[in-house]
Every structure is written in structure tokens, then in C-alpha cells.
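J.: structure of the sequence below:
(4 chains)
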Protein chains: 2
Amino acid sequence: MPPTDTRSAAPEARQTVTSEAVLDAALTLFAERGYHGTALSQIAERLGIRTPSLYNHMRSKQELLETLVAATLRDVLADFHGAVADSEDPVVQLRAATRVYALRHATHRREALVVNRDTTSLPEPALTEMRERRREHERAIRSIITRGIECGAFAVGNAGLASFAILEMSVSIARWFREGGPRSAEQVADEYAEFALRICRYRG
Amino acid sequence: MPPTDTRSAAPEARQTVTSEAVLDAALTLFAERGYHGTALSQIAERLGIRTPSLYNHMRSKQELLETLVAATLRDVLADFHGAVADSEDPVVQLRAATRVYALRHATHRREALVVNRDTTSLPEPALTEMRERRREHERAIRSIITRGIECGAFAVGNAGLASFAILEMSVSIARWFREGGPRSAEQVADEYAEFALRICRYRG
DNA sequence: CCAGCTAGCTAACGCTCGTAAGTTTCGCTT
DNA sequence: AAGCGAAACTTACGAGCGTTAGCTAGCTGG
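T.: The predicted model follows:
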């Protein structure tokens, strides 16, 4: 990720901005103030260019949001499928799935904040598509819990309720986690994976 | 709560809007599209009046948000203090505190969504004040957990992590709960209170 | 060494926003 | 019946938004 120094002190080099840098700046500001609370002028300022120059690297403000959300949800699902591939055991799978999900929310805080706050601001074809991806993830977690109940590993009244609770407590890590704080992202993720199993009443 | 019929079919009565109705309309729209995503014209339209007429019932758009957030956080803290007053037992207190918090998020979904999404859009004196109230709540939950660990009722690695997880999984109820769905608000609240104790590893 | 592409720039657009000022309408009280 | 006040209205403003058009400078490849 290129931080793209807001202003190069030396005037010798023609500074140029990549579309990755635009996405990165947009990501930071959307996470901070929300999509509607962020003006393109603020993104441009952060990159050291004028507002219209942004259009050399993007098609529209909405496209920025769409790209960010789509990429994030794609990565989340990829994480998930990678995590549950190693085993068929619901206990192992739920621990691994929660771990990668929690870990992602600690290490990709901005993405998580934007997805959770501003997905609803997407234009309609994309909105439904993105909601479907989230639902797919939720259903997958739920089915792990259901299988765990069936085989006696879990004891929880309602798999849906548990899956919501597990996912959303993990999401919230993005709100308070700070890199360089008392706990590493991995430690937090391990702890949350444990919480997930406790919610499902696995006596580990 | 006065729903204030958007348009009275009968033209006989001079329809008049109260400031409670304005707050209610703002609450609905802020919850739906976010503070920055909502225009005063939309609030006015929902009330069947013209935009400038809103100023007979409020001072500014920001004041609307401030009022809504302040009232909600006040009620949350009142709920909490009412819930933990009955007992000194950390197990009983954590169950009761989680129950009322979860219940509030099921029964006051709009308020919860606005507080969680748009508190950061508040102007600076209010922002710090509101953050302080949330922190106060979080500290109170954490201290219950810490006391539970000390007396051996709970076994959890870190009280802070657990309190975050418990609070945030409850907050998210506002995102999916629907009145008239398969489970009542009370049932969900009870289940979540149980989740909280499981996270803290109380073998109930 | 020049042509062309890239990525800046300025200027300007049309629109919407929040808000202010002043006016009209209408029900209630006296 | 008159008058007052509340709450609606119209009109208008200045600012800021996202976006377009057209121009310019500089690096790159032939």
C-alpha cells in the first residue's frame, strides 16, 4: 500500500498518483467520516492534487465505494473458504472461520468500517449483490453451527442467533483495535475464536 | 411515539407538526440513509410540509442529531443502572445488563443504528461527551466481569475483550431484528444474555 | 528530436444543500 | 368580532458538491 506522501518537499520529481493511491486515500477518509461525509476535494487534497485530476484514476465517487466494498467482501469470502478447507469438524471449522474473520477486522480496520457503514449507500445493482455475499458468509457460518449441534459438539438454542452474534462481535474489532496496542491482532483473533466456541457451548 | 400520518386524506383539519414528530421522522431517515445521506427536504416531505417550516420545530440539522444521540445514550445508561441495582452478584448483574442492552437494541433499532453510525458526525463538544457516556457503560460492564473473575464465577482471559464482544454483539441486533419475526425481542434478549455468560464461561 | 500519451491544471456547469427573511393563513382566546 | 401567536408558506442566498471540458506540461518510445 503506497502512502503517497501528501506533499513531496523536493520539487524536482513530477509526482504522480496511481489509482491504488486514490483508493487508499478514499478508504481512509470513508472510514473516518463515512462515504457521504467525505468530499472528493478531501481525497484530492490528501493526495496533493486538485479535485478534477482524480478523474484520471476513477470513473466516479460511487465507483470508488463499489470497488472498495466488492474487493473487501471478496477477500472475506476467500479467507473463509481457505480457513474451513482443512477439516470437516465443525469445532475446528468454527474456530478457524472466526479466527480469520476476527483477524481480518483487526488488520483491515478501514475496509471493515466502510463496508459496515456505507454498503447501503451503493447503487442498486451492486447493493443486492454485496448483501448476497454477506448472507452467503452468514449462511455458511450458520451451517457449521447447525452441523455442530447435530453431531452433539454444540449446544445452542438457535444457530442463526449464534452466527449473528459471532460475526458481529468480530466485526466490531475494527472499532476499537489499535495496532501497537497491548494485544496483537493474532492474540485478539484467537481469543475471539474461543468466544465463538463458548457461545456455541463447546467445552474446550 | 406519534407516527404523524404523512398525508391526511381529509383536508378539513389544519395539520400541524410537533417537534417530536420532526425528531421521529429524522430518526427514521437517519437510521435508513445516515445523517449525511439524509436531506432536510426528505424529512420535511415525510411530514408533509416544506423544508423551511422545519425551522419552527428545531434549530438546525445538527441539533436533531445531537438530541437523538444524547437521549438514546441517556436511556441506555438509565437501563443499565436499573438493571444492576437489584443484586451485587456479578453473574446476575451481567445477565441483567446484557439483557436490557440487547432488549433495547431490538426495540429501539433506529436509535441504535443512528448512534452507531453517526455519533462521529457530531460537532466537537458533544462528540467527546457522547463518547464518554459510551465509555462509562463499557467500563461498568468490564468491572462486573472483573469482579466475576475475582470471585471465581467467570474465567476469561481479558475482561476488556469480553466486554467489547458482549456489547457489540448486542448492538448488532439492531441490524437484523424485525418485529413480528420468528422470535420476540424478549426471547432474543434472553438468549444474548446467555451468550454473554458463556463468553465469560459461566457454567449455568 | 519530435509525436503522442499521460496526468496534471483552471474554469465552469448545474444541482442540491442548509438556512434566513419576510409573508400569509388559521385556530384560539378574549 | 377582533386580535394574537403559531406554524405554515414563498422566495432567495451562498456555499459546496460531483462532474465535464478544454488546455498544458513533461516523460517515453520511435
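
J.: is the helix ranked longest in chain A up against chain B anywhere?
T.: Ranked by number of residues, the top helix in chain A under DSSP state H is helix A:124-150. No. Judged by CB under 8 Å from any CB of the partner chain, helix A:124-150 and chain B are separated, with a smallest distance of 9.2 Å. Quick note: C-beta positions are derived from backbone N, CA and C, even for glycine.

J.: can you list the residues of chain A near DNA strand D?
T.: With CB under 7 Å from any atom of the strand as the criterion, chain A meets DNA strand D at residues A:13-14, A:38-42, A:51-52, A:55, A:60-62.

J.: who wins for neighbours among these?
T.: Taking other CB atoms under 10 Å in any protein chain shown as the neighbour criterion, A:T38 ranks highest of the residues of chain A next to DNA strand D with 22 neighbours.

J.: how about the residue nearest the centre of chain A: what's its closest non-neighbour residue?
T.: The structure's chain A has its C-alpha centroid closest to A:A112; by CA atoms, centre = their mean the separation is 3.3 Å. Using CB to CB, 6 or more residues apart in numbering or on different chains and skipping residues adjacent in sequence, the residue nearest A:A112 is A:A174, 3.7 Å away.

J.: what's the helix or strand for that neighbour?
T.: helix A:173-176 (DSSP states H and E).

J.: can I see the domain layout of chain A?
T.: Using automatic domain parsing, the domain ranges for chain A come out as A:1-58, A:61-199.

J.: gap between the spatially closest residue to A:F164 that is not a sequence neighbour and B:R109?
T.: Take A:F164 and drop its neighbours on the chain: the residue closest to it by CB to CB, 6+ apart is B:W176, 5.9 Å away. Relative to B:R109, B:W176 is positioned 9 Å away (CB to CB, to the nearest Å).

J.: neighbour count: the two, which is higher?
T.: Under the neighbour definition other CB under 10 Å, B:W176 and B:R109 were set side by side, and B:R109 has more, 19 against 15.

J.: isn't the more buried one up against B:A31?
T.: Yes. B:R109 lies in contact with B:A31 (CB atoms under 8 Å); the separation is 7.1 Å.

J.: where exactly do the helices run in chain A?
T.: Applying DSSP H to chain A gives helices spanning A:19-33, A:40-47, A:61-84, A:90-107, A:109-118, A:124-150, A:159-171, A:173-176, A:185-199.

J.: need the ones you listed in TSV (columns: distance to B:D86).
T.: Formatted as TSV, these follow (distance: least, CB to CB, whole Å):
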stretch	distance to B:D86
helix A:19-33	41
helix A:40-47	50
helix A:61-84	42
helix A:90-107	34
helix A:109-118	35
helix A:124-150	33
helix A:159-171	25
helix A:173-176	30
helix A:185-199	26
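
J.: residues contacting A:R95?
T.: A:A193, A:E194, A:A196, A:L197 (CB atoms under 8 Å, 6 or more residues apart in numbering or on different chains).

J.: that older thread, most tightly packed of the helices of chain A?
T.: helix A:159-171 (a mean of 24; mean count of other CB atoms under 10 Å in any protein chain shown).

J.: got the CA positions of that helix in PDB?
T.: Only the C-alpha atoms of helix A:159-171 are listed here, as PDB (Å, rounded to 0.1, in the frame of the first residue of the first chain):
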ATOM      1  CA  ALA A 159     -27.900 -21.500  15.200                       C
ATOM      2  CA  GLY A 160     -29.000 -18.200  13.400                       C
ATOM      3  CA  LEU A 161     -28.800 -16.200  16.600                       C
ATOM      4  CA  ALA A 162     -25.400 -17.600  17.400                       C
ATOM      5  CA  SER A 163     -24.000 -17.000  14.000                       C
ATOM      6  CA  PHE A 164     -25.100 -13.300  14.100                       C
ATOM      7  CA  ALA A 165     -23.600 -12.800  17.500                       C
ATOM      8  CA  ILE A 166     -20.300 -14.400  16.400                       C
ATOM      9  CA  LEU A 167     -20.000 -12.400  13.200                       C
ATOM     10  CA  GLU A 168     -20.900  -9.100  14.700                       C
ATOM     11  CA  MET A 169     -18.800  -9.200  17.700                       C
ATOM     12  CA  SER A 170     -15.900  -9.900  15.300                       C
ATOM     13  CA  VAL A 171     -16.900  -7.000  13.100                       C
END
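
J.: which residues sit against it?
T.: By CB under 8 Å, 6+ apart, the list of residues contacting helix A:159-171 reads A:94, A:98, A:101-102, A:105, A:112, A:116, A:137-138, A:141-142, A:145-146, A:149, A:156, A:192, A:195-196, A:199-200, B:164-166, B:168-169, B:171-173, B:175-176, B:183, B:188, B:191-192, B:195.
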